[in-house]
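Novice: build the 3D model from these lines:
(one chain, ligands or ions: 1)
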Amino acid sequence: MKIAGQHHRAVEWSVQQQCPRWLNQCLLPFAVRWRESGDPETICQAIETMEVRGAPSIGAFAALGLALAFARDEARFFSHWLPRFRATRPTAVNLFHACDAMAQTASEATSAQHMIAAACAYADAEVQRNQVMGEHLAERLATGQRRILTHCNAGWLAAVDWGTATSGIYQLQAQGESPFVLVDETRPRLQGARLTAWELQQQGIDCCLQADGAAAWMMQQGKVDAVVTGADRIAANGDVANKIGTYALSLAAKAHGIPFYVAAPLSTMDAHCPDGQHIPIEERGSEELTHAQGETADGKMLQLRIASPGVSAANPAFDVTPYANITAIICEHGQWP
Ligand code: MRU
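Specialist: Now for the predicted structure:
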């Protein structure tokens, strides 16, 4: 999708430098800074620090990072690099899907060029899936006044290109519709305020930010036609792990008779996980709640304490929405049965 009118992908292989290239999402929306690295450890750290985040982007980036690891350090590909990449984040299953795919390619007597081509094909396939998924989702969203509430960032930043939840919104726009998006700010890391709002603005989509706690009220006021989120892992029974706050949204949507859609490619489905209780939920540092980061009027990045000194803070990064609260899960094949 676009930044200042130019098409970009969140992660890609730099043909010139022969290494992964990515947009540092920790600096958005204050600075658009691209990074490249030929060090696989730096790629792992970029996932851990969430310079690259969002389930499909994490998967594609890990595939590119593993291709790099194979090219630079083939001897330790299976013993060190595969476990190192697998340990970066626990919840988004796309990471493990990509690791399995690259392990399979590496086990079939191969070359570095073969691995790089496989990783690029993995990222391309993700983009293709998102685009088609968006067409299916747009059909569902083409009702009412197209006032769509979304949570976290399930946009192109999170999914290489197009996005999962936003893909349907971008497809609606391409069809000449004028969707309006209510963007949950998404405490504590503010992926909605910092990433989704910026992404939609770049794309020329009308949107409005709201506090997470405003969502149920906006539904009660009749200001929401549909809720659309992405997913980090979908269990075999249809339970969905996604950014913390998604479960509460699903309860509110159910109470108000508002359709609740989850958009996710098959790479987010975990057939080995029977239900939501078996999904590992990442617990992140308490400083994400006790401190806030932002830009001053003169362009300096600052980190400020915003909580009572010494207070403890629980920070589960994801929650699980039971399948019974979900109207439909939309994937690249349409509605997931
Ligand atoms: O912790 P994050 O920012 O990686 O969490 C991302 C989400 O929860 C997204 O909603 C999810 O990955 C869907 S991605 C298109």
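
Novice: wait, doesn't T229 sit right on T246?
Specialist: Yes: under the criterion of Cβ atoms under 8 Å, T229 makes contact with T246 at 5.3 Å. Bear in mind the C-beta positions are built from the backbone N, C-alpha and C, glycine included.

Novice: gap between stretch 44-57 and the chain center?
Specialist: 9 Å (Cα atoms, centre = their mean, to the nearest Å).

Novice: how far does that stretch stretch from start to finish?
Specialist: 13 Å (Cα to Cα, to the nearest Å).

Novice: give the buried residues for it.
Specialist: By 16 or more other Cβ atoms under 10 Å, the buried positions in stretch 44-57 come out as 44, 46-47, 50-57.

Novice: could you list the domains of this structure?
Specialist: The chain breaks down into these domains under automatic domain parsing: 2-127, 134-335.

Novice: and L149, backbone torsions?
Specialist: Phi and psi for L149, reported as degrees, to the nearest 10, are phi -100, psi 130.

Novice: er, C19 actually
Specialist: Taking degrees, to the nearest 10 as the convention, C19 sits at phi -160, psi 170.

Novice: mind checking how far it is from the ligand?
Specialist: Taking Cβ to the nearest ligand atom, to the nearest Å as the measure, C19 falls 22 Å from the ligand.

Novice: check L182 too.
Specialist: For L182 relative to the ligand (Cβ to the nearest ligand atom), the value is 15 Å.

Novice: now swap in Q173 and tell me
Specialist: Q173 is 18 Å from the ligand, by Cβ to the nearest ligand atom.

Novice: what's the answer for T105, then?
Specialist: T105 is 24 Å from the ligand, where distance means Cβ to the nearest ligand atom.

Novice: picking that back up, adding distance to T105, secondary structure and pLDDT, write the buried residues of stretch 44-57 out as TSV.
Specialist: Conversion of the buried residues of stretch 44-57 to TSV gives the following (distance: Cβ to Cβ, whole Å; DSSP: H, G, I helix; E, B strand; the rest coil; pLDDT from 0 to 100):
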residue	distance to T105	secondary structure	pLDDT
C44	19	helix	99
A46	22	helix	98
I47	20	helix	98
M50	27	coil	98
E51	25	coil	98
V52	21	coil	98
R53	25	coil	98
G54	23	coil	98
A55	21	helix	98
P56	19	helix	98
S57	20	helix	98
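
Novice: of the residues you listed, which ones also sit close to the ligand?
Specialist: 53-56 (Cβ under 6 Å from any ligand atom).

Novice: determine which two of these are furthest apart.
Specialist: Greatest spatial distance in these: R53 and P56, 10.6 Å, computed using Cβ to Cβ.

Novice: between the two, which contacts overlap?
Specialist: A158 (Cβ atoms under 8 Å, 6 or more residues apart in numbering).

Novice: next, give phi and psi for W34.
Specialist: Torsion angles, degrees, to the nearest 10, at W34: phi -90, psi 140.

Novice: need the per-residue pLDDT for it.
Specialist: pLDDT recorded at W34 is 98.

Novice: does it have any beta-bridge partners, and if so which?
Specialist: Taking DSSP bridges as the rule, W34 bridges to L23.

Novice: these two touch, right, it and R21?
Specialist: Yes: the pair W34 / R21 is scored as a contact, 6.1 Å apart, by Cβ under 8 Å.

Novice: between those two, which is the more surrounded one?
Specialist: R21 (18 against 11; other Cβ atoms under 10 Å).

Novice: what does this structure put close to the ligand?
Specialist: Counting by Cβ under 6 Å from any ligand atom, the chain sits next to the ligand at 53-56, 92, 152, 154, 158-159, 163-164, 191, 229-232, 242-243, 317.

Novice: going through the residues you listed, which ones are buried?
Specialist: Buried by 16+ other Cβ under 10 Å: 53-56, 92, 152, 154, 158-159, 163-164, 191, 229-232, 242-243, 317, out of the residues of the chain next to the ligand.
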